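# Model the following, please.
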Amino acid sequence: MRAIWQGQAVPGFRMGPDQLRARANQFEAEIRRRNLRDGVSFALTAIIAAVGVVMGTGGLLIRVGGVLMVAWALLSLCWARLYGAMSVASGAGAPTVLEVHRRQLERQRDIALSWPWGLGLALPGFVLVCLGISLGPRRLDWAVPAVFIGVFTFLYIAVVIYGRILAGRWQREIDALRALED
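Numbers count the residues shown, from 1 in each chain. Take a look at the predicted model:
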């Protein structure tokens, strides 16, 4: 059965120019929405961490951790803006929609695969905030930082897995577009 199944002919990937432009525009809109969502979350993180730094009731560790979290959020905000969606070019001398869409897919795939590193940059600030909560002047039980660490770890793993799933999906589309170019 396996040999029969593997021996079947694979239908070719066919997409007309209008379908390709529609898919490229849809993908661009998805990326714009993701960038907006990420931008809002980074801005909220920066604001919350900055308030924690300015209020300064948690001690030195929380302040330093807050400064690192603000720096991470602002850096991530800049990176998201810098590596956001490219628009599908049109007009004379512009690359084809197929080329632009394929490059955009490759770019977003690479960004999704780099998410573990981007989130990892938040780790030093997060650790200092958790230590400040437990060791600072207003000491709380270790249960609070343990919950924070658990939530952060869960979210980190979920984002990494989601990034790999997206990267795999986009890689299959890239391969199909390369076959279409040939």
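
# Now tell me what touches the helix or strand containing residue 70 from outside.
Assigning secondary structure by DSSP states H and E places residue 70 in helix 60-82. Identification of contacts with helix 60-82 by CB atoms under 8 Å, 6 or more residues apart in numbering yields 35, 38-39, 42-43, 45-46, 49-50, 52-53, 56, 118, 121-122, 124-133, 135-136. For glycine as for every other residue, the C-beta is placed from the backbone atoms N, C-alpha and C.

# quick one: buried residues of that helix?
Neighbour-count burial for helix 60-82 flags 61-74, 76-77, 79-80 (criterion: 16 or more other CB atoms under 10 Å).

# so what does the helix or strand that it is followed by touch, helix or strand wise?
Using DSSP H and E, the helix or strand that follows helix 60-82 in sequence is helix 97-120. Counting contacts by 3 or more CB pairs under 8 Å, 6 or more residues apart in numbering; DSSP states H and E, helix 97-120 is packed against helix 17-55, helix 143-181.

# Present those helices as JSON lines; the columns should include mean neighbour count.
Listed next are the helices and strands packed on helix 97-120 as JSON lines, based on neighbours: other CB atoms under 10 Å:
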{"stretch": "helix 17-55", "mean neighbour count": "15"}
{"stretch": "helix 143-181", "mean neighbour count": "14"}
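
# Present those helices as a markdown table; the columns should include distance to residue 107.
Formatted as a markdown table, the helices and strands packed on helix 97-120 follow (distance: least, CB to CB, whole Å):
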| stretch | distance to residue 107 |
| --- | --- |
| helix 17-55 | 9 |
| helix 143-181 | 10 |
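
# for those, which one sits closest to residue 100?
Among these, the nearest to residue 100 by CB to CB is helix 17-55 (6.8 Å).

# tell me the angle of that closest one relative to helix 143-181?
Following axes from the mean of the first three to the mean of the last three CA atoms, to 10 degrees, one obtains 160 degrees for the angle between helix 17-55 and helix 143-181.

# and helix 17-55, what does it pack onto?
Helix 17-55 sits against helix 60-82, helix 97-120, with contacts defined as 3+ CB pairs under 8 Å, 6+ apart.

# what's the spacing between the shortest one and its chain's center?
It refers to helix 60-82. 16 Å (CA atoms, centre = their mean, to the nearest Å).

# swap in stretch 42-56?
For stretch 42-56, the separation from the chain centroid amounts to 21 Å (computed by CA atoms, centre = their mean).

# re earlier: what's the closest of the helices and strands packed on helix 17-55 to residue 148?
Of all the helices and strands packed on helix 17-55, it is helix 60-82 that lies closest to residue 148, at 11.3 Å by CB to CB.

# Which residue, other than its chain neighbours, is closest to residue 173?
In space, and not counting its chain neighbours, residue 173 is closest to residue 105: 5.7 Å by CB to CB, 6 or more residues apart in numbering.
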